[in-house]
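Visitor: Structure for this input, please:
(4 chains)
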Protein chains: 2
Amino acid sequence: MGDIYRALADPTRRALLDELVERDEQTLFELCTRLAVKHDLTPSRQAVSQHLDVLEEAGLVRTERRGRYKLHTIDTAPLEEIPTRWPTRRRDP
Amino acid sequence: MGDIYRALADPTRRALLDELVERDEQTLFELCTRLAVKHDLTPSRQAVSQHLDVLEEAGLVRTERRGRYKLHTIDTAPLEEIPTRWPTRRRDP
DNA sequence: TTGACACGCAAGCCGTCACTTGCCTAACGT
DNA sequence: ACGTTAGGCAAGTGACGGCTTGCGTGTCAA
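Guide: Model (predicted):
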């Protein structure tokens, strides 16, 4: 299993998660166009594909083959480690 | 303000947060020795200092000067953005 | 069957990041 | 006053990450 934190480190990958939270089962090209329109990000198709690979290795994205399409779905379960590992501890005001 | 996600990307910085969750107001040298003993990490003093700078810029660590000591304290408030930005959405099993 | 479409693989380039190295300042104890 | 201790500054190095480039594979429609 990959590294959740390294996966979250890149702004393009975070934008991909933003899109997948709003709509499940999106293809690579759908995500490319949504990045361009809604986030002003215009990386190449291969770049987005590599980003999705990182997210999938981290367990944050699940994929399903359907014909010639590969559908991407978010899985937020690995993120639950974060508030567990560092519980709320504010500075005394 | 810096980037929380980039700050979390490095394992040494995560180990520093682990130590600061267990004990507040630690100095640079205290954190160095704890990294070595409890996490088998032996980076140099300057390396740890730079990591703490990144954490402070991200708002995850607050510092307080006390004489010749600089005390470091965790602030988990910025982490609350994460479950807010990507709410729980599991894959249907 | 042929062409277009959605996607994968792999090598290479280049910028960023983590770390080191060397020297410096400031605070404390004796 | 002097040496020690805690920490800071800045330039340089090596490696990793994000991106490109070019080509290849499988799927579907006409």
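Visitor: What are the buried residues along stretch A:31-45?
Guide: A:Leu31, A:Cys32, A:Arg34, A:Leu35, A:Leu41 (16 or more other CB atoms under 10 Å in any protein chain shown). Every C-beta, even on glycine, is put in place using the N, C-alpha and C of the backbone.
Visitor: What is the end-to-end distance of that stretch?
Guide: Start and end residues of stretch A:31-45 are separated by 9 Å (CA to CA, to the nearest Å).
Visitor: now what about that stretch, what contacts it?
Guide: A:11-12, A:15-16, A:18-20, A:26, A:28-29, A:48, A:51-52, A:72 (CB atoms under 8 Å, 6 or more residues apart in numbering or on different chains).
Visitor: on that earlier part again, among the buried residues of stretch A:31-45, which lie within helices?
Guide: Under the assignment DSSP state H, the buried residues of stretch A:31-45 contribute A:Leu31, A:Cys32, A:Arg34, A:Leu35 to helices.
Visitor: list the buried ones in stretch A:82-92?
Guide: A:Ile82, A:Trp86.
Visitor: same question for it, mean pLDDT?
Guide: Averaged over stretch A:82-92, pLDDT sits at 84.
Visitor: Starting from A:Asp53, give me the distance back to the most centrally placed residue in chain A.
Guide: The centre of chain A sits closest to A:Leu17, judged by CA atoms, centre = their mean, with a distance of 3.4 Å. A:Leu17 is 14 Å from A:Asp53, where distance means CB to CB, to the nearest Å.
Visitor: Just want the phi and psi numbers for the closest residue to DNA strand D within chain A.
Guide: Closest residue of chain A to DNA strand D, CB to the nearest atom of the strand: A:Gly67 (2.5 Å). Dihedral angles of A:Gly67 (phi, psi; degrees, to the nearest 10) stand at phi 60, psi -130.
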